[in-house]
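1. Predicted model, plus sequence, below.
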Amino acid sequence: MADSLHELLQPHFPEPNSDAFPPTSTPAVTQYLQRLSSLSLSALTSTEREALDYDVHTSLRSLQALAKRSFRSVNTAVESLQNLHQSLPQIASNVAAVHTAVPAVDLSSTSFAEKYSKASENPILDRRRQVMRLGTNVDKISDILELPSLLSTTIAASAGSVTGTGTAMSSANANYASALDLYAHIKRLQKLYPDLELVQSISVQAEEAMRGMTTNLVTSLRSQSLKLAGGMRLIALLRRVAPELDDRQIIGKTVTSGAGEGSLGALFLISRLSNLFITLEALEPLKDLAEQETAQRVSHTSKAAEKGSWAAGQQTERYLKRYVEVFREQCFAIISMYKSIFPASLPEPANPAAPTPKTQLDNDARRPGLPPVRQPSSLLLSVEPDIPSDDLLQLPSALSTFTLFVVDMLIDELRTYLPNIRDQNSTDSLLTQVLYCATSLGRLGGDFGLMLSMLDDDLEGATEDGEDGEDDTGDLLPDPEYVQIITKHRIQAGRLELLSSG
């Protein structure tokens, strides 16, 4: 039926090659012709045209929507299609280049594999392993590099606080302990890795920091506010920081003492002596006034001789009394602190059977007219313990040398300025103060009361030639002034002892 209908409609179809109508052999045309044959005449004349118009319109809308949605894709496809004839030759040339380069790449990869093979030693690979190891341990190396700066910061934070009290002292002790622990850790690294330049550099920086710490500790020994506890802490820290100072050197021989002073005792005394000088420098205004009175006394010697007395000396008296007071307080504190810090290094008395200056002093004490005197101090007449018997190698202890030095310093001041005081009561009062100072130091073994005899000889001068201790009338000369002062002092001391004993 479809074929017959197709032949009937054949004259009305467009040209076979025209695009206005599809070919008749398609399944769609055949299906539609079969549908037409099934319709009635009324349907063909009335509804079929409308149905065809509706289908045409629906197809057109669908095509428009499709064209709107696919506009960009279609344009891109068209452009790509236009460039395809240029891209294909280029792809072919690139493929040929890759094909040509493959043998060279294969040769290079083979050479690289042979060059960097782990089976053989390779300095480049070793260097890369070191770099990788460095990257892995960069945190540890950074901590090691920060050790010198951390050590310096710890020392700087605790400088000047170890002699204080309370929280500052505790913090300083903790900082110094941390600094010593850091230094011990650096020394341990140096022993473990002696050939590493990094460790050697850190060790050098640590040594510089520890020298700065030693300087801080020595500076703290010169502090005005140094007490016994602070001094003990400083000496203990110096023993750890500079252990070489704890050995006594005797002409190439080292004498080690577990609790001996070594060089630390001398360092301590020198530092405190420096503080004593600084304290005495505060008396410079009074000393200048005493110098002026000395100049006046020297320039008015003839006038004073004519008048028979010297009325000046008040400023000199003020200066000497203040000088003796400061001298007594500071020296007593220094010697007592030294004995507490270095108890095992105190000097031992000389052998009583051996001839010493003590025998001569005993003989002098038995002279008629002299009161009983105290035996000389063990600090002034002592030798260094554990020293060889050879006289050339005997060295006095640092404490004995210090005591003799400060006593000579006091005697020189008295010898220089005491002649300015002509008032007998003022002189007696000043000499009594000096005797109290000698008694105070005598509690620590540094009594120098007998040295006033030399001071009296300098002040009074030598007796006239030919005098044998008697005047022209044959009577004994009066006792020297220092004998009278010592006698009064001993009487007063005896009365105080009686009062204190009840």
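-> Looks like it came in fine.
2. All the strands of this structure, residue numbers only.
-> Remark: strands assigned in the chain by DSSP state E are 248-250, 253-255, 348-349, 382-383.
3. what mean pLDDT does the last one have?
-> Taken as a whole, strand 382-383 has an average pLDDT of 44.
4. do the same with stretch 6-22
-> 63.
5. in stretch 437-454, what's buried?
-> 437-438, 440-442, 444-453 (16 or more other C-beta atoms under 10 Å). For every residue, glycine as well, the C-beta is placed using N, CA and C.
6. Could you identify the most distant pair in these?
-> The widest separation within these, taken as C-beta to C-beta, falls between Leu444 and Ser453 and amounts to 21.7 Å.
7. returning to that earlier point: just name the closest of the buried residues of stretch 437-454 to Leu134, please.
-> Nearest to Leu134 among the buried residues of stretch 437-454, with distances taken as C-beta to C-beta, is Leu444, at 62.3 Å.
8. Which residues does stretch 407-419 contact?
-> The contact list for stretch 407-419 (C-beta atoms under 8 Å, 6 or more residues apart in numbering) reads 290, 294, 297, 316, 319-320, 323-324, 327, 380, 427, 430, 434, 437, 446, 448, 451, 454-455, 458-459.
9. So among the residues you listed, which ones count as buried?
-> 290, 294, 297, 316, 319-320, 323-324, 327, 380, 427, 430, 434, 437, 446, 448, 451, 455, 459.
10. Where do the helices of the stretch 101-250 of the chain begin and end?
-> 123-136, 138-145, 147-158, 167-192, 197-221, 228-241 (DSSP state H, counting those that start in this stretch).
11. okay if I get those helices as a markdown table plus mean pLDDT?
-> As requested, the helices of the stretch 101-250 of the chain are arranged in a markdown table below (pLDDT from 0 to 100):
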| stretch | mean pLDDT |
| --- | --- |
| helix 123-136 | 85 |
| helix 138-145 | 89 |
| helix 147-158 | 87 |
| helix 167-192 | 84 |
| helix 197-221 | 90 |
| helix 228-241 | 87 |
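12. In helices, which of the contacts of stretch 407-419 fall?
-> 290, 294, 297, 316, 319-320, 323-324, 327, 427, 430, 434, 437, 454-455, 458-459 (DSSP state H).
13. Quick check: Arg322 touching Leu286?
-> Yes: counting by C-beta atoms under 8 Å, Arg322 touches Leu286, with 6.3 Å between them.
14. who touches both of those two?
-> Common neighbours of Arg322 and Leu286 (C-beta under 8 Å, 6+ apart) do not exist.
15. Looking at these two, which has the bigger crowd around it?
-> Neighbour comparison, Arg322 and Leu286: the larger count goes to Leu286, with 18 against 15 (by other C-beta atoms under 10 Å).
16. rewinding a little: now, which of the buried residues of stretch 437-454 sits nearest Ala177?
-> Distance to Ala177, by C-beta to C-beta, is smallest for Leu444 among the buried residues of stretch 437-454, at 32.4 Å.
17. Now do the same contact list for the spatially closest residue to that closest one that is not a sequence neighbour.
-> Distances taken as C-beta to C-beta, 6 or more residues apart in numbering place Ile335 nearest to Leu444, at 4.6 Å, with adjacent residues excluded. Applying C-beta under 8 Å, 6+ apart, we find Ile335 in contact with Leu379, Leu399, Phe402, Thr403, Leu441, Leu444, Gly445, Gly446.
18. Name the residues of stretch 179-192 that come out as buried.
-> So stretch 179-192, judged by 16+ other C-beta under 10 Å, has buried residues Ala179, Leu180, Leu182, Tyr183, Ile186, Leu189, Gln190.
19. same question, stretch 269-283
-> Leu269, Ile270, Ser271, Arg272, Leu273, Asn275, Leu276, Leu280, Leu283.
20. now, which of those sits nearest Ile235?
-> Ser271 (10.6 Å).
21. where in the stretch 201-350 of the chain is pLDDT low?
-> 247-262, 301-312, 344-350 (pLDDT under 70).
22. cutoff 80 now
-> 245-262, 300-313, 344-350 (pLDDT under 80).
23. re the thing from before, next one: the residue nearest to Leu444 relative to Leu399, how far apart?
-> Using C-beta to C-beta, to the nearest Å, Ile335 is found at 7 Å from Leu399.
24. same thing with Tyr183?
-> Distance from Tyr183 to Leu399, by C-beta to C-beta: 31 Å.
25. ok, back up a step: CSV for the buried residues of stretch 179-192, including distance to Arg240?
-> CSV is the format used below for the buried residues of stretch 179-192 (distance: C-beta to C-beta, whole Å):
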residue, distance to Arg240
Ala179, 10
Leu180, 6
Leu182, 13
Tyr183, 9
Ile186, 14
Leu189, 19
Gln190, 17
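26. sorry, back to before: tell me which of the helices of the stretch 101-250 of the chain lies nearest to Asp106.
-> Per C-beta to C-beta, nearest to Asp106 of the helices of the stretch 101-250 of the chain: helix 123-136, 22.0 Å.
27. and the angle from the closest one to helix 138-145?
-> For helix 123-136 against helix 138-145, the angle by axes from the mean of the first three to the mean of the last three C-alpha atoms, to 10 degrees is 80 degrees.
28. dump the residue contacts of Tyr319.
-> Tyr319 touches Leu283, Leu286, Lys287, Leu289, Ala290, Tyr417, counting by C-beta under 8 Å, 6+ apart.
29. can you pull the contacts of the residue nearest to Leu276 when sequence neighbours are not counted?
-> Distances taken as C-beta to C-beta, 6+ apart put Gln330 closest to Leu276, at 4.8 Å, once the chain neighbours are dropped. Gln330 makes contact with Arg272, Asn275, Leu276, Thr279, according to C-beta under 8 Å, 6+ apart.
30. what's the answer for Glu293, then?
-> Ala312, Gly313, Gln315, Thr316, Asn420.
31. Can you tell me which of those lies closest to Asp55?
-> Gln315 (139.3 Å).
32. isn't that closest one right next to Leu289, touching?
-> Yes: judged on C-beta under 8 Å, Gln315 makes contact with Leu289 at a distance of 3.8 Å.
33. now for stretch 152-171, what's the gap between its first and last residues?
-> 16 Å (C-alpha to C-alpha, to the nearest Å).
34. what do you get for stretch 413-429?
-> Note: stretch 413-429 ends 16 Å apart using C-alpha to C-alpha.
35. buried ones in it?
-> In stretch 413-429, counting by 16+ other C-beta under 10 Å, buried: Glu413, Leu414, Tyr417, Leu418, Pro419, Asn420, Ile421, Asp423, Ser426, Thr427.
36. Distance to Val56 and pLDDT added to those, as a markdown table?
-> Formatted as a markdown table, the buried residues of stretch 413-429 follow (distance: C-beta to C-beta, whole Å; pLDDT from 0 to 100):
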| residue | distance to Val56 | pLDDT |
| --- | --- | --- |
| Glu413 | 138 | 90 |
| Leu414 | 142 | 88 |
| Tyr417 | 141 | 88 |
| Leu418 | 145 | 84 |
| Pro419 | 148 | 84 |
| Asn420 | 145 | 85 |
| Ile421 | 146 | 83 |
| Asp423 | 150 | 81 |
| Ser426 | 147 | 84 |
| Thr427 | 149 | 82 |
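37. Around Ala174, how many other residues sit close by?
-> Number of residues near Ala174 (other C-beta under 10 Å) recorded here: 13.
38. what residues are up against it?
-> Shown in contact with Ala174 (C-beta under 8 Å, 6+ apart): Ser158.
39. If you drop the residues flanking it in sequence, what lies closest to Thr427?
-> Ile421 (5.3 Å).
40. hang on, the earlier thing: so which of the contacts of Tyr319 comes closest to Ala51?
-> Using C-beta to C-beta, these come closest to Ala51 at Leu283, 135.3 Å.
41. how about the closest one, what does it touch?
-> If you count contacts by C-beta under 8 Å, 6+ apart, then Leu283 has Tyr319, Arg322, Tyr323, Val326 around it.
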